[in-house]
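Student: generate coordinates for the sequence data below:
(2 chains)
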Amino acid sequence: AQKITQTQPGMFVQEKEAVTLDCTYDTSDPSYGLFWYKQPSSGEMIFLIYQGSYDQQNATEGRYSLNFQKARKSANLVISASQLGDSAMYFCAMRELRDDKIIFGKGTRLHILP
Amino acid sequence: SQTIHQWPATLVQPVGSPLSLECTVEGTSNPNLYWYRQAAGRGLQLLFYSVGIGQISSEVPQNLSASRPQDRQFILSSKKLLLSDSGFYLCAWNTVEAFFGQGTRLTVV
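Tutor: Numbering: from 1, shown residues only, chains lettered A, B, ... in the order given. Just a heads-up that it's a prediction; the model follows:
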């Protein structure tokens, strides 16, 4: 069963607009972490943001914020004031602490339009 | 500071040839180590992960194997490559989040 679901294969957004990338997850482990990574065309994986399952507040890192809705098992990434350089693949991932596996979703390709 | 080295960056190998990709981590002890494969335009598939020397968990039955001969060394191998083994291979280690190597783009011809 797929544990990380990203339902948006591709998105086109106008520059300077806010973007929400969807991610839902499935786990029975009460202790887990959620991540978002950016992968530009170069292939490197760039860590963006982390949310722990026990964190009370939504994580924020600069223009990135994670909208964590635990009851819905949702961990959407919000990018404020999008820039052309935000065009890339974005992956949601989860780490279950019981076995330390890190599983990725299939990704969303984001295109920022000038 | 912690760094992760992965090599080679690109590799073209004939079908049936062996494979050895190496990943080493510096600046940390007893890291969790991971090998992922990414097909073109697709997501990351977890192949193997290791929580310690000699401890390897395989996620997907396949033509590949992994070994961890030293604490900070993780090796991905194959005795005979298949065309379907082509892809972008990424090594990673984690504390809280996962840090990735630069990847190896493998083309089997």
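
Student: ok, now which ones touch residue A:37?
Tutor: Residue A:37 makes contact with A:45-48, A:90-91, A:93, A:104 under the criterion CB atoms under 8 Å, 6 or more residues apart in numbering or on different chains. Where you see a C-beta, it was placed from the backbone N, CA and C, and this is true even at glycine.

Student: one more time with 6 Å
Tutor: Counting by CB atoms under 6 Å, 6 or more residues apart in numbering or on different chains, residue A:37 touches A:45, A:47, A:91.

Student: for the second one, give the beta-bridge partners.
Tutor: On the basis of DSSP bridges, residue A:47 is bridged to residue A:37.

Student: what does the last one give?
Tutor: The bridge-partner assignment for residue A:91, based on DSSP bridges, gives residue A:37.

Student: circling back: export the contacts of residue A:37 as JSON lines, with columns for pLDDT.
Tutor: Formatted as JSON lines, the contacts of residue A:37 follow (pLDDT from 0 to 100):
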{"residue": "A:45", "pLDDT": "94"}
{"residue": "A:47", "pLDDT": "94"}
{"residue": "A:91", "pLDDT": "97"}
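
Student: what about the strands in the chain?
Tutor: By default, I'm working from chain A. Counting by DSSP state E, chain A has these strands, from start to end: A:4-5, A:10-14, A:19-21, A:24-25, A:32-39, A:46-52, A:60-61, A:64-69, A:74-79, A:88-96, A:102-104, A:108-113.

Student: I was after chain B.
Tutor: Using DSSP E, strands in chain B cover B:3-7, B:10-13, B:19-26, B:32-38, B:44-52, B:55-58, B:65-70, B:73-78, B:87-94, B:98-100, B:104-108.

Student: okay, the ones you listed in CSV with distance to residue A:3 next?
Tutor: Shown next, in CSV, are the strands of chain B (distance: least, CB to CB, whole Å):
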stretch, distance to residue A:3
strand B:3-7, 24
strand B:10-13, 30
strand B:19-26, 24
strand B:32-38, 15
strand B:44-52, 11
strand B:55-58, 16
strand B:65-70, 21
strand B:73-78, 23
strand B:87-94, 17
strand B:98-100, 15
strand B:104-108, 26
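
Student: figure out which of those strands is closest to residue A:22.
Tutor: Of all the strands of chain B, it is strand B:44-52 that lies closest to residue A:22, at 17.8 Å by CB to CB.

Student: what does chain A put close to chain B?
Tutor: Taking CB under 6 Å from any CB of the partner chain as the measure of proximity, chain A contacts chain B at A:35, A:43, A:45, A:47, A:50, A:100, A:102, A:104, A:106-107.

Student: quick one: end-to-end distance for stretch B:74-85.
Tutor: Stretch B:74-85 stretches 18 Å from its first residue to its last (CA to CA, to the nearest Å).

Student: could I get the average pLDDT for it?
Tutor: Mean pLDDT, computed over stretch B:74-85, is 95.
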